[in-house]
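**Student:** next come a sequence and a model predicted from it.
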Amino acid sequence: MPGRAAPVPVADHGAASGAGTGKRAARAVPAWRRSLRPYLLIVPALLLTGGILYPFGLGLYYTLFDFAASKPQPDLVGLGNYRRIFTQPAFWDSARVTVAYAVGAAAVETVLGVAVALLLHRSSLVGRVLEKVLILPLMIAPVIAAIMWKLMLQPSVGVINHLLEPFGLGGVQWTDTPTGALLSSIAVDVWVYTPFVAILALAGLRSLPASPFEAAAVDGAGWWFTFRRLTLPMLWPYVLVAVIFRFMDSLKVFDIIYALTEGGPGDSTMVLQIRAYLEAIRFQRYSFGISYMIVLWAVVYLVTMVLVRYLGRIQNRAAEVAR
Amino acid sequence: MDMHAHDRRRFLAIGAATAASAAPLLTACGAGFGGDRAKNDGSAADDITGSFDWKRAKGKTVKALLNKHPYTDALIADLKAFTEKTGIEVEYDVFPEDNYFDKLTVDLSSGRASYDVFMLGAYMVWQYGPPGWLEDLGPWMRNSSATGAEWDQEDFFPNLLSADQWSLKAGAPLGRGGQYALPWGWETNVVAYNTEVFKKLGLKPAETFDELREVAGAITRRAPGAGFDGMYGVAVRGSRSWATIHPGFMTMYARNGLKDFTVEGGKVKPAMNSPEAIAFTRDWAEMVRKGGPPSWTSYTWYQCSSDLGAKKAGMLFDADTAAYFQAVKGASPASGKIAFHPGPKGPGGSLATNMWIWSLGMNARSRNKSAAWLFLQWATGKEHLRKGAIEHNHIDPVRKSVGQDAAYKDKMRAIPGFIETFETVVDRTRIQFTPQEQFFDATTSWAAALQEIYGGKNASSVLNGLAGDLASKVG
């Protein structure tokens, strides 16, 4: 086995040469140290894994009880918390809102992000300048962006209605209606994260091989044909990476919605993460709140697994197109 | 055969050993449940003996968690006097209200004693009291070695002191049981209005709820055309928060003789879906639609208050302090043009008013209780509160002596109607909610229901749904 054989030639070489500089190398590594080395190397990974699994396991353990501020010595309820969650209409309402938000935000960000990347890729000078501007929203904390948008969307004093007034569209109550609140939240998410998709897509565009495009140009292929048959299939793995990240993040959204609408009006933007927060922190029903988070984790995990598996297939297909 | 083979069985054995050794660690790290309720057998106050001495805890440091508020500013401005009097230093953290209670809740529930004293509302006693996070201050108040004679318990308005007393049983009335906090500053909910727009439009402060709705609608319709650009009728809170329910809404609700819950045979039952409550809630939502602020569903007291000050709102139905801070000279474009009125009466002339009390409490796990009690005693004492009321903006005195103080009255007379309104409602101002642990869930859900009704949903079905949901949580 190469890994285990490596130290032996070094020691042999030093001893054979008898060179003064090789004295240190020549000393044989004791067997106990060699046997310990793999365990030492694995320590950081173990610590990291423990750091992740400890709170997770503890949270999972708590969900089996009815632990709350009003009941610090709780009873074991087994899967009772999960049963309660799945039989509550509020959970299914929140699940519906969460999926609508995640699908809406990820879809719009993907389309806009790819479009922006294509535009920037065509003009290198403008592209380079705009790239710097494009990244600005990503440098703002989402909660700050949401507060900023909340002010801009104020019907009476916000700049958005002020800008729309000349077109006869002023006075819109952006976050006062259920649909408006959801769309406004998605819009803020799109504003913050479209640059993320665009930058990934742009990096992908710049790394595509030139030869298939040159061949297509020689054959007289049009822009749309080239885009559909060459650019998109080869770019798709990059885009899908962005989609996976954005979809995962959007399913877990908290800051943008909480700062913008607090989950309202009514329960119209009450995503799972906010409900979990309210249950665990505001209402101090710890076990129930954690159960919500575990359910959300399971959903995100499963969706991500499916998307990552799909990514593998897409990467293979992209490699075939590039060949 | 390799002597050091890292086979799977060996790895699993090590893993199992690690997991086994981690089990005690979990317990040591506090992985167990909160448990450890504050012991009720005896109070640390009993350890204080001898004659009362302000210097008893000289050299100690008290840690305080405070909410960003004008009352807090008055306290901080006077802290030097406390240190001179006692030799106790005060370290404090101030958080804005949006985050303050989450910070306090997390801190108390963690079981640490990061803060010895903190600000809280009387409603928080219902949440923090039952888990044993709050020190019962009754034994401290009763111990003459711990409490100086000049503190004068009788000087507090009795309804304020009793609002922080509770037996920790859902549905049980306030004023009995432990004293879990001390009133420090309070707010009564009344109507403040812009005299300029009222004069120009020929309006009078509303005496009934129907009149209030009419006046609010009239201002929204007519004020912009009368030179008050963008002005609407009445500023009331609307965010999806418990804080939306307790000021104007709960005051008018109570004046109409309505209850949030009823208590029958020790069981707490939701009552916000009674036919009268449904009708009132529908009317309130309609008032907001026709005369309330645009983007009402995000409105907190900050927005309501600043709209009155910025002449965006013709009236404010909220805490008197929220209007007062806009009314003082030079504070806002509307200052000098804001007057106070007790607000609409209910059927039979009821002026039942809901209140908010900024109280001061002590952490039951504090290791510094003696010094913490001296701080609470000083902060709720006559000397500091008088100074706060006269030299700063710590208005709405919790002590009768401050309310009667000539210098205080002179100061407040500058605001039209303030003293008259205060004196009219002070005896009728109480906590109008039923004390119970799920207060925050109930009122947050209630605010969400109000938003839905405002959005056009059927009030009856929304409130029936709310009551059904709360019945299983509260009962």
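**Tutor:** Looks like it arrived, so ask away.

**Student:** when you work out contacts or count neighbours from here on, use the C-alpha atoms and nothing else.
**Tutor:** Noted.

**Student:** and for the residue in the stretch 1-150 of chain A that chain B sits nearest to, the neighbour number?
**Tutor:** In the stretch 1-150 of chain A, the residue found nearest to chain B is A:Pro72; the distance is 4.9 Å by Cα to the nearest Cα. By other Cα atoms under 10 Å in any protein chain shown, the residues close to A:Pro72 number 20.

**Student:** thinking it is in contact with B:Pro131, fair?
**Tutor:** Yes. If you go by Cα atoms under 8 Å, A:Pro72 and B:Pro131 touch, sitting 7.1 Å apart.

**Student:** residues contacting the residue in chain A positioned nearest to chain B?
**Tutor:** Going by Cα to the nearest Cα, chain B is nearest to A:Gly266 of chain A, at 4.1 Å. By Cα atoms under 8 Å, 6 or more residues apart in numbering or on different chains, the contact set of A:Gly266 is A:178, B:240, B:447-452.

**Student:** B:Val462 too?
**Tutor:** By Cα under 8 Å, 6+ apart, the neighbours of B:Val462 are B:449, B:452-453.

**Student:** B:Lys63 now?
**Tutor:** Counted by Cα under 8 Å, 6+ apart, B:Lys63 has contacts B:90-92, B:114-117.

**Student:** B:Ala334: what secondary structure?
**Tutor:** coil (DSSP: H, G, I helix; E, B strand; the rest coil).

**Student:** give the other helices and strands that the helix or strand hosting B:Ala442 contacts.
**Tutor:** Assigned by DSSP states H and E, B:Ala442 belongs to helix B:439-454. In this structure, helix B:439-454 packs against helix B:122-128, helix B:275-291, helix B:459-474, with contacts taken as 3 or more Cα pairs under 8 Å, 6 or more residues apart in numbering or on different chains; DSSP states H and E.

**Student:** on the three-state scheme, the residue nearest the centre of chain A is what?
**Tutor:** When Cα atoms, centre = their mean is applied to chain A, the residue found nearest the centroid is A:Phe245 (3.0 Å). Classification of A:Phe245 using three-state DSSP returns helix.

**Student:** what stretches of the stretch 51-200 of chain B score poorly on pLDDT?
**Tutor:** Applying pLDDT under 70 to the stretch 51-200 of chain B flags no residue at all.

**Student:** per-residue pLDDT of the nearest residue to the residue of chain A closest to chain B once chain neighbours are set aside, please?
**Tutor:** Nearest non-adjacent residue to A:Gly266, counting by Cα to Cα, 6 or more residues apart in numbering or on different chains: B:Ala448, 4.1 Å away. Confidence at B:Ala448, expressed as pLDDT, is 96.

**Student:** show me the contacts for B:Ala448.
**Tutor:** Taking Cα under 8 Å, 6+ apart, one finds A:264-267, B:240-241 in contact with B:Ala448.

**Student:** tell me the gap between the longest strand that chain B contains and the middle of its chain.
**Tutor:** Longest strand in chain B by number of residues (criterion: DSSP state E): strand B:182-194. Taking Cα atoms, centre = their mean, to the nearest Å, one finds the center of strand B:182-194 at 11 Å from the center of the full chain.

**Student:** for it, buried residues please.
**Tutor:** Going by neighbour count (16 or more other Cα atoms under 10 Å in any protein chain shown), the buried part of strand B:182-194 is B:182-194.

**Student:** buried sites along the helix or strand following that strand?
**Tutor:** The C-terminal neighbour of strand B:182-194 among helices and strands, as given by DSSP H and E, is helix B:195-201. By neighbour count with 16+ other Cα under 10 Å, helix B:195-201 contains the buried residues B:195-198.

**Student:** can I get helix B:195-201 in PDB? Just the C-alpha atoms.
**Tutor:** Taking Å, rounded to 0.1, in the frame of the first residue of the first chain, the C-alpha atoms of helix B:195-201 are listed here in PDB:
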ATOM      1  CA  THR B 195     -55.900  70.900  17.000                       C
ATOM      2  CA  GLU B 196     -55.000  72.600  13.700                       C
ATOM      3  CA  VAL B 197     -56.800  70.100  11.500                       C
ATOM      4  CA  PHE B 198     -59.700  69.800  13.900                       C
ATOM      5  CA  LYS B 199     -60.200  73.500  13.900                       C
ATOM      6  CA  LYS B 200     -60.000  73.900  10.100                       C
ATOM      7  CA  LEU B 201     -62.400  71.000   9.500                       C
END
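
**Student:** and the contacts of it?
**Tutor:** The contact list for helix B:195-201, computed with Cα under 8 Å, 6+ apart, reads B:204, B:219, B:222-223, B:226, B:228, B:314, B:337-339.

**Student:** dump the buried residues of strand B:182-194 to a markdown table, plus distance to A:Val172.
**Tutor:** Shown next, in a markdown table, are the buried residues of strand B:182-194 (distance: Cα to Cα, whole Å):
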| residue | distance to A:Val172 |
| --- | --- |
| B:Leu182 | 45 |
| B:Pro183 | 43 |
| B:Trp184 | 42 |
| B:Gly185 | 39 |
| B:Trp186 | 37 |
| B:Glu187 | 34 |
| B:Thr188 | 34 |
| B:Asn189 | 31 |
| B:Val190 | 31 |
| B:Val191 | 28 |
| B:Ala192 | 28 |
| B:Tyr193 | 27 |
| B:Asn194 | 26 |
